[in-house]
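Undergrad: fold the following, please.
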Amino acid sequence: MQLTRRMMIQDGLLVVSAGMIMPAVFSRAVHAARAIGLGGSATTAVASGHALIVVQMAGGNDGLNTVVPYADSLYRQARPTLGIAENEVLLLNDRLGLHPALKALKTLWDNGHMAIVEGVGYPNQSLSHFQAMDIWQTLDLQGRGSQGWLGHYVAGLVDRDGHPFRALDVGTELPLALQSISAPVPVIPSATAYRLYPGAHSAAETRLRAQVLMNLYNSYPQAAPYAALLESTVRDAQASVQQLQQANVTYHPSVTYPPGPFATGLKLLAEVICQGLGLRVGYITLGGFDTHARQQQVQPQLLQTFAEGISALYQDLSNHGKADDVVIMTWSEFGRRVAENASGGTDHGTAAPLFVIGNAVSGGIYGEPPDLGNLDDVGNLKYTTDFRSVYATVLDRWLGAPSETILGGRFTIQGFLPAA
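TA: Alright, predicted model coming up:
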């Protein structure tokens, strides 16, 4: 089979625009170069060797049934059906306990490797999933931001080092938190998916497709703007595919990860970290937390999936001597209403706790406990910890990056990570 020039151009444009052949990060290289030329972010992060893994608990996780105020009589009154019994919670202190489905995390708590930040939110919280997620990810309190806070952090890392694994998302769509005008970030559903896509009919067609892509890049004038970037993009693309595939062959997990896509994604992050591919930010999403109904059936399963996956990841990293290098942080776009509804669930709420996990973490409870006797006009909790202060702490004290520059303001540093 031979290609005409018209066919080659059509196929090549499809490759570059839609990422059909190469991982999507490389097809965005020209856009990244253009953004840099237009004054895109050049924030420089300290290459400390530290990695941050962000776990998004999408849908609005019910914080009151995650970190349970079991000793508060108002909790029992608001949740006569959904309330977790005192004899079932995993005790943290004389007022709070973990949901029993989080049993796999209790050892991390007992060993001082898990912090709980209470009452996390922001002023005038949105109860819309999409707007609230945009606010958490871009820091624009109107929900109209375009660049993510993590995207701002990684800007400059990928292009400067020619290393696509400084940041990656395990999934199928790049989260807004990692979007940047100058730093393309790979989205990888699995290690085997990060490769040259095979031809529909034969190995020869696969080679032909790859050659089409190479011809497109080779035909670009060497003296033209960004020619060097285009050349290095092809070279780095080929090298990175080989790098990840080799890592996938040689990496041997030291634990058995639970079944399911969430734990499989965590195993991929462990692989990239343990094989030394330079990860600074890993991102993964566990969805399904929008529990308007059947919360007693749905939330425990999700929390168990989360806890067992994180426990396996931590143990794997520890066994490979990497646990000191990794901090895990969770977030969810909002909590749930204090009172249960008539459908066996809870409606959209506001403030909620989040977890920070790792050997470097100063374990304990941070922020003010939820005050169930001081709710807003619709029965939601009032936030006591600005989510941006959590980000500032992680940036300043773990990633070695200037939080004030990245976040666009100065926020209180929390104590769950020690000062350098």
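Undergrad: where do the strands of the protein begin and end?
TA: 51-57, 67-68, 90-91, 97-98, 114-121, 167-170, 187-188, 281-286, 326-331, 352-357, 364-366, 385-386 (DSSP state E).
Undergrad: redo these as TSV? Include distance to Asn341.
TA: Placement of C-beta: from N, CA and C, glycine included. Converted to TSV, those look like this (distance: least, CB to CB, whole Å):
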stretch	distance to Asn341
strand 51-57	20
strand 67-68	18
strand 90-91	26
strand 97-98	23
strand 114-121	21
strand 167-170	33
strand 187-188	35
strand 281-286	23
strand 326-331	24
strand 352-357	17
strand 364-366	28
strand 385-386	26
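Undergrad: for Lys267, which of the ones you listed is the nearest?
TA: strand 167-170 (9.4 Å; CB to CB).
Undergrad: each with direction, which strands does the closest one pair with?
TA: Using DSSP bridges, the strands paired with strand 167-170 in its sheet are strand 187-188 (parallel), strand 281-286 (parallel).
Undergrad: neighbouring contacts of the last one?
TA: Same thing as strand 281-286. 51-58, 150, 153-154, 166-171, 175, 177-178, 262, 265-266, 269, 272-273, 302, 305-306, 309 (CB atoms under 8 Å, 6 or more residues apart in numbering).
Undergrad: which of these count as buried?
TA: 51-58, 150, 153-154, 166-171, 175, 177-178, 262, 265-266, 269, 272-273, 302, 305-306, 309 (16 or more other CB atoms under 10 Å).
Undergrad: quick one: residues contacting the residue nearest to Leu176 when sequence neighbours are not counted.
TA: Distances taken as CB to CB, 6 or more residues apart in numbering put Gln137 closest to Leu176, at 4.2 Å, once the chain neighbours are dropped. Neighbour list for Gln137: 145, 148-149, 175-177 [criterion: CB under 8 Å, 6+ apart].
Undergrad: can you rerun that using 10 Å?
TA: 54, 56, 143, 145, 147-151, 175-179, 331, 333 (CB atoms under 10 Å, 6 or more residues apart in numbering).
Undergrad: one more: Val356?
TA: Per CB under 10 Å, 6+ apart, neighbours of Val356: 52, 113-117, 327-330, 362-363, 366, 390, 393-394, 398, 414, 416-417.
Undergrad: for it, give the beta-bridge partners.
TA: Here Val356, judged by DSSP bridges, has bridge partners Ala115, Met329.
Undergrad: look up how far Phe130 lies from it.
TA: 26 Å (CB to CB, to the nearest Å).
Undergrad: before we move on, what about His252?
TA: 41 Å.
Undergrad: near His359, how many other residues are there?
TA: Actually, residue 359 is Asn rather than His. Other residues near Asn359 come to 17 when the count uses other CB atoms under 10 Å.
Undergrad: pLDDT-wise, which helix or strand of this structure ranks last?
TA: helix 5-18 (a mean of 37; mean pLDDT, DSSP states H and E).
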